[in-house]
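Engineer: only geometry, no sequence info:
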């Protein structure tokens, strides 16, 4: 009895001539992602990707968990393959489904024939398989209208596939088909979610983290690493660039009006991030800002921040409520890490009364007391790079 | 003193060198409090995180699903009390078995005093409990099912997966707990595959020091704490973590061979043991045929277990009567199986680890035969 994973492709089937590119990328991403689960054959045929264990040691459970987090997968199911004849199907189905059906009281069987040469039609297949399952499971009964579980039999090119419900995949499009962008990540709730959302749209990520020791600790840094590893379960490999930011923050504190400190700090982040992005071939920056959430996230403050950057800045959470962001953070399992209580670069030197409507003139005037270029150069000269 | 032959690995195991070294290192060098903000504290936390990851991997769980405790008993207590109290409003029935470890049975007795109805499923005469026996007792008001993975006296393996199916089918609001102390690193354990919500394991059965255990809580499952303090282990087991034991636990588990490899090794030794025992007409086997190979329970003629145990110990061979925890009380497990009194009173448990050899088994069998010859008349 061989068990495989069948993967349904998402939007990528709509991509016309680019379809090949998208599909190849998805295959590559799946292969890379399930490597750690053992040896599998991964190939596509007629809009389905087949994931087939090559040996005993291949861990199909782990492969399934990993496939569930690959963008571009709209749905997936575990299935059992057997020969395309009724004897084999009737022998395999009860055996394969024994454990699953133990949890349910009612069921029905749905069948599909891609191979129309198969001697029985789909109604006949369903009837025979249903009868076999009833014989094997005394506690079961048939309910065609509202079953607890639906068993599916598909007669495909290469064999007969028996499975139950198709599970929802991560959706989106394959990472790597949407270019590269750099996420500014602090350690809070929002930025990991923003990173995840852009990865869902096919974007490969580089992460930029600003660290301000001794105001921020090693633990705050490790927290970001942990967050990126979680995001990486979906987004694939992430290169993390840590930028030393203490000097800039101290200079702002000592030389600029307190109420403008946050927006000036964010402009420095943009400048440094843009330089790193260009060096790493990233076409855009990503931030976790949500309009009106804090003082630096008003339209005016964002306008001042953006004026410091010369590449697009994506803010996928701009219209999201906190509750929606929290729900997503739970879904991608970053919530528990994000709420660990360590200071990050955004929480040190927070002004008591930040200006919610700064103007670009005010901000530029305030920055005149700083040697902006030298400060940026200085922190860029000391970045640390880590591959996650 | 003759050579030492240790056949009591289900009572406890020798601490591995790696585990002992790790504990020493954590006590004398990396001694920070993991809750301290400074780097000394962070270094200790890192070591603990590494141990948590090792445990998680062995349990096919996520690190955030693993909670460190002081041992199997505490894990069982946290799981059972925590689940019963969290689910109180959904019903009143708890289902367990008559052959659980005292850590479970005594906790159940406490819950009975609180007013919960506890149903104890009895084993068959061979020590097994078929899943069908749970069918009539699990109902829509059952809030907790606690069934051990492997029995500590007979090695009987319980049908967890099938029981999980019954819980789901009956639409019971129950959380499903298993005491896997005797199964950890011996049978593959996975909350997802077995369909359980809570798994208790212990360190000292897998070559870690005594005083450490773990409870795996499936993510999304909420149980109530019954001890209160400084928020450690996400409030489920507060109090400064036993960092040396925890890290030693990680070091020990990392060294444990894969379950299937270990089983092959132990199975060979067990097969030899069974052959030798079958050749002795006075010996009857109390473990079921399909038991896990690590535990062999036998009754040796009419010689009281305690007498035989001391006779063997004089020859450097260590086994136990019933379970180590039961001391001299007659075994509740063998009693539940309905074995005659004299068979219970003469029952010995031989429990193996991957370190035992067939030569050791021969020495044991020879000594047992000698014991039967010399002690039978008393």
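Structural biologist: Sure thing, it's come through. Only a predicted model underlies this, so the values are computations on that prediction, with no experimental measurement involved.
Engineer: Next, give phi and psi for residue B:145.
Structural biologist: Main-chain dihedrals, residue B:145, degrees, to the nearest 10: phi -120, psi 120.
Engineer: Just the local confidence number for it, please.
Structural biologist: What the model reports as pLDDT for residue B:145 is 98.
Engineer: what's the spacing between it and residue B:98?
Structural biologist: Distance, residue B:145 to residue B:98, using CB to CB, to the nearest Å: 14 Å. To be clear about C-beta, it is placed using only N, CA and C from the backbone, and glycine gets the same treatment.
Engineer: Then residue B:217?
Structural biologist: For residue B:217 relative to residue B:98 (CB to CB), the value is 26 Å.
Engineer: Looking at the two, which is more packed in?
Structural biologist: For the pair residue B:217 and residue B:98, the greater number of neighbours falls to residue B:217 (25 against 16), based on other CB atoms under 10 Å in any protein chain shown.
Engineer: show me what contacts that one?
Structural biologist: B:65, B:67, B:79, B:197-198, B:223, B:236 (CB atoms under 8 Å, 6 or more residues apart in numbering or on different chains).
Engineer: Most neighbours among those, please name it.
Structural biologist: residue B:79 (30 neighbours).
Engineer: so where is the chain shaky, pLDDT-wise?
Structural biologist: You didn't say which chain, so I picked chain A. A:10-17, A:344-347 (pLDDT under 70).
Engineer: Chain B is the one I meant
Structural biologist: Low-confidence segments of chain B (pLDDT under 70): B:1-2, B:323-328, B:377-378.
Engineer: Run a quick neighbour tally on the residue in it positioned nearest to chain A.
Structural biologist: Proximity of chain B to chain A (CB to the nearest CB) peaks at residue B:165, 2.9 Å away. By other CB under 10 Å, the residues close to residue B:165 number 22.
Engineer: Show me where the stretch 1-150 of chain A has its helices.
Structural biologist: Applying DSSP state H, counting those that start in this stretch to the stretch 1-150 of chain A gives helices spanning A:19-34, A:60-67, A:86-101, A:122-136.
Engineer: one step back: in three-state terms, how would the residue of chain B closest to chain A be classified?
Structural biologist: Under DSSP: H, G, I helix; E, B strand; the rest coil, residue B:165 falls in the helix class.
Engineer: I figured residue A:107 hits residue A:144, correct?
Structural biologist: No. At 9.5 Å, residue A:107 and residue A:144 do not qualify as touching, with contact defined as CB atoms under 8 Å.
Engineer: between the two, which one's more packed in?
Structural biologist: residue A:107 (23 against 13).
Engineer: what's the distance between that one and chain B?
Structural biologist: Separation of residue A:107 from chain B (CB to the nearest CB, to the nearest Å) stands at 12 Å.
Engineer: Can you tell me, leaving aside adjacent residues, what's nearest to the spatially most central residue of chain B?
Structural biologist: Closest to where the C-alpha atoms of chain B average out (CA atoms, centre = their mean) is residue B:181, at 2.2 Å. By the measure of CB to CB, 6 or more residues apart in numbering or on different chains, the closest residue to residue B:181 outside its immediate chain neighbours is residue B:72, 4.1 Å from it.
Engineer: so how many other residues sit close to that neighbour?
Structural biologist: Number of residues near residue B:72 (other CB under 10 Å) recorded here: 27.
Engineer: Over to the one 10 residues further on?
Structural biologist: For residue B:82, the number of neighbouring residues by other CB under 10 Å comes to 23.
Engineer: For it, pull up the helix or strand it's in.
Structural biologist: If you go by DSSP states H and E, residue B:82 is part of helix B:72-86.
Engineer: From the contact counts, what lies against that helix?
Structural biologist: Using 3 or more CB pairs under 8 Å, 6 or more residues apart in numbering or on different chains; DSSP states H and E, the elements in contact with helix B:72-86 are strand B:66-69, helix B:102-114, strand B:142-146, strand B:175-179, strand B:198-202, strand B:213-217.
Engineer: residues making contact with it?
Structural biologist: Contacts of helix B:72-86 (CB under 8 Å, 6+ apart): B:67, B:69, B:94, B:101, B:103-104, B:107-108, B:110-111, B:116, B:143-144, B:146, B:175, B:177, B:179, B:181, B:197-198, B:200-202, B:205, B:213-215, B:217, B:222-226, B:236-237.
Engineer: same deal with stretch B:233-243?
Structural biologist: By CB under 8 Å, 6+ apart, the surrounding residues in contact with stretch B:233-243 are B:26, B:31, B:33-35, B:44, B:47-48, B:67-70, B:74, B:78, B:82, B:211-212, B:215, B:217, B:223, B:225, B:227-232.
Engineer: With stretch B:116-125 instead?
Structural biologist: B:84, B:92-99, B:108-109, B:111-112, B:129-130, B:133-134, B:137, B:147, B:156, B:333, B:336-339.
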